[in-house]
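Enquirer: With the sequence up front, the predicted model follows.
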Amino acid sequence: MLTPTITHVIFDMDGLLLDTERIYTLLSGKILERYGKKFDWPLQAKMMGKRTMESAQICVNESGLAGILSPETFVKEREGMLQELLPTCSLLPGVERLVNHLHAKGIPMCVATASCTSHFLLKTQNHSKIFKMMHHVVKGDDPEVKQGKPAPDIFLAALRRFEGIVEASNCLVFEDAPYGMIAAKDAGMLAVMVPGPRPDVSYHEGADQVISSLLEFSPQNWGLPPFQD
Ligand SMILES: O=P(O)(O)OC[C@H](O)CO
Ligand SMILES: [Mg+2]
C-alpha cells in the first residue's frame, strides 16, 4: 500500500484523548439503575460521540423510559455528578507522547469533540499543556456544527479552521466511537480507530486502521515524522 501523505491531524477527545467515557458509563448506569434499567455497551456505542441532548434522548428511548424519564431530567440528574467527576479525568495512554511529538515536528493538530463548551472546560482544566498545542478546538455547541456525529459537519469545520487550503485526504482523524468513524470517513479523511477495551470488531467498520492505544501508533506509516525514541 502507498504511504499516505498526512499533513494535518484531528483528534476526537472523549474516549480518545481523555478517559471520560468511563465517567459517562458510570453515571448513565447510576441513573438508569434508579429506573430499574441496565446501561450496556450496545447502548453506549449509540451514545458515544453524540452531543448532550442527542445522547440523552437515545439513552431514554433505547432504555424504554420514554414518557417516564425525560432527556432533560436525565441531563439534570447527571450534571451535578459530571461537574464533580469530569475534572478528575486522565489522559489516555500514548496521548502525551504523540501530541508532544507532532507539535515538536510542526504538524498542525486540532480537536473535534461533541462535548459542549462547559464540559470541555471541566475535562481539560488539568490538561492545558496538551490542549495548548492544538491549533483550534471545534466543540459540539459550535454554531458551524449543524448536525453532530455521525454527520461530517464537525470534521469539515475543523478542516476549514487550519491555516491555508488543506485537503481532507491529507487529514488523519483519531476516533474511539463508531459514529465518529462514520463522520470522519464521510468527511473524506483517513481515520485511525482506538476503540478502547471492547472486543466487538463489528464496531470498527470503516476504520483505515484499528489500534488498541495511541502507544501502538507508527507515524511513519502515514507519512508523518517517526518517533525518535
Ligand atoms: O468523543 P467526543 O469527544 O466527540 O465526545 C463524546 C461525548 O461528549 C461523550 O460521548
Ligand atoms: Mg470519542
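Expert: Cool, the structure landed. Ligands and ions are numbered 1, 2, ... in the order given.
Enquirer: which residues sit in contact with Lys46?
Expert: 58, 62, 179 (C-beta atoms under 8 Å, 6 or more residues apart in numbering). Yep, even glycine has a C-beta here, placed from its N, CA and C like the rest.
Enquirer: which SSE is it in?
Expert: Element membership for Lys46 (DSSP states H and E) is helix 41-47.
Enquirer: ok, Leu18 to Leu86 distance?
Expert: 9 Å (C-beta to C-beta, to the nearest Å).
Enquirer: which residues are common contacts for these two?
Expert: Joint contacts of Leu18 and Leu86 (C-beta under 8 Å, 6+ apart) are Lys123.
Enquirer: now that we have the contacts of Lys46, which one has the most neighbours?
Expert: Highest neighbour count within the contacts of Lys46, by other C-beta atoms under 10 Å: Tyr179, with 21 neighbours.
Enquirer: Quick one: residues contacting it.
Expert: 46, 48-50, 149-150.
Enquirer: and if you look at Asn126?
Expert: Asn126 makes contact with Pro87, according to C-beta under 8 Å, 6+ apart.
Enquirer: Could you check how far it is from Arg34?
Expert: From Asn126 to Arg34 the distance is 30 Å (C-beta to C-beta).
Enquirer: likewise Ile211?
Expert: 37 Å.
Enquirer: Same check on His204?
Expert: His204 is 33 Å from Arg34, by C-beta to C-beta.
Enquirer: between those two, who's got more neighbours?
Expert: His204 (14 against 9).
Enquirer: Counting neighbours, what do you get for Ser212?
Expert: If you count neighbours by other C-beta under 10 Å, Ser212 ends up with 12.
Enquirer: and it, what are its phi and psi?
Expert: As for Ser212, its main-chain torsions (degrees, to the nearest 10) stand at phi -80, psi -20.
Enquirer: That one touches Val194, doesn't it?
Expert: Yes: if you go by C-beta atoms under 8 Å, Ser212 and Val194 touch, sitting 7.2 Å apart.
Enquirer: Contacts (any at all) between ligand 2 and the helix holding Lys46?
Expert: No: using C-beta under 5 Å from the ion, helix 41-47 never reaches ligand 2; the gap is at least 10.5 Å.
Enquirer: residues of the lowest-mean-pLDDT helix or strand in the chain that come out buried?
Expert: Lowest by mean pLDDT, DSSP states H and E among the helices and strands of the chain is helix 41-47, with a mean of 91. Neighbour-count burial for helix 41-47, with 16 or more other C-beta atoms under 10 Å as criterion, is recorded at 43-47.
Enquirer: cool, and stretch 22-33?
Expert: Residues of stretch 22-33 classed as buried: 23-25, 27-28, 31-32 (neighbour count, 16+ other C-beta under 10 Å).
Enquirer: So which residues make contact with that stretch?
Expert: 14, 38-39, 43-44, 47, 59, 63, 65, 69, 74, 77-78, 81-82, 85-86, 88-89.
Enquirer: could you pick out which of those residues are near ligand 1?
Expert: Filtering the contacts of stretch 22-33 for proximity to ligand 1 (criterion: C-beta under 6 Å from any ligand atom) leaves 14, 47.
Enquirer: how does the protein divide into domains?
Expert: 8-19+89-222, 21-87 (automatic domain parsing).
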